[in-house]
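S.K.: I would like to see how this sequence folds:
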Amino acid sequence: MLHLHTNNGIMLDFSILEFVWFFIISLSLAELAMQIVISDLAYRIKGAILLNQPYHKRLETLISIPFWRKLLGHWWFIASPLILLIKIHKLVQELFSCPWCIAYHLCWITNWLYFDMPIFEALLLAPLGLVFVTLLDRLHTK
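M.R.: Okay, here's the model as predicted:
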């Protein structure tokens, strides 16, 4: 059993088994993130919801506020739901094409919900998944 004392007098108890379990889960989430980006099944699913296509210039124009200001004048805010919807779709498309982004979010959510860590601690320990994604990326590409 490992005992850690913090500055405010709180004592944390961790066993070696918990550390090993934490590393195994982080490694598994890193591989899941890699497979979400590079697997054939993920590519088909992303294609079905139009997440694997590059953004066309017309869609880039549709999320431009100056375009809507020229088109609608002072009433440009009417188009704000369309702008927001396309920007959210673009964000999700960019997120699902980056294994490091996916791994970070999977790790902090798992740390918070599964390991029952405080949210700040979960966010601080989530970059361990990024290290594993980098190692797995080297293994997958070489």
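S.K.: can you count the residues close to the closest residue to Leu62 other than its chain neighbours?
M.R.: Leaving aside its sequence neighbours, Leu62 sits nearest to Ile86 (CB to CB, 6 or more residues apart in numbering; 5.8 Å). Yep, even glycine has a C-beta here, placed from its N, CA and C like the rest. Here the number of neighbours of Ile86 (other CB atoms under 10 Å) works out to 15.
S.K.: just checking, Ile86 touches Ser64?
M.R.: No - contact criterion CB atoms under 8 Å: Ile86 and Ser64 do not qualify, at 10.2 Å.
S.K.: List the residues that contact the residue nearest to Leu62.
M.R.: Applying CB atoms under 8 Å, 6 or more residues apart in numbering, we find Ile86 in contact with 59, 62-63.
S.K.: Show me which of these are buried.
M.R.: 62-63 (16 or more other CB atoms under 10 Å).
S.K.: and which of the contacts of Ile86 is nearest to Leu82?
M.R.: Leu62 (6.8 Å; CB to CB).
S.K.: which of the residues in the helix or strand Ser26 falls within are buried?
M.R.: Following DSSP states H and E, one finds Ser26 within helix 16-38. Buried residues in helix 16-38, defined by neighbour count with 16+ other CB under 10 Å: 22, 25-27, 29-37.
S.K.: can you pull the contacts of the residue positioned nearest the centre of the chain?
M.R.: In the chain, the residue lying closest to the centroid (CA atoms, centre = their mean) is Ile102, at 3.1 Å. Taking CB under 8 Å, 6+ apart, we find Ile102 in contact with 32-33, 36-37, 95-96.
S.K.: Nice, that's everything, thank you.
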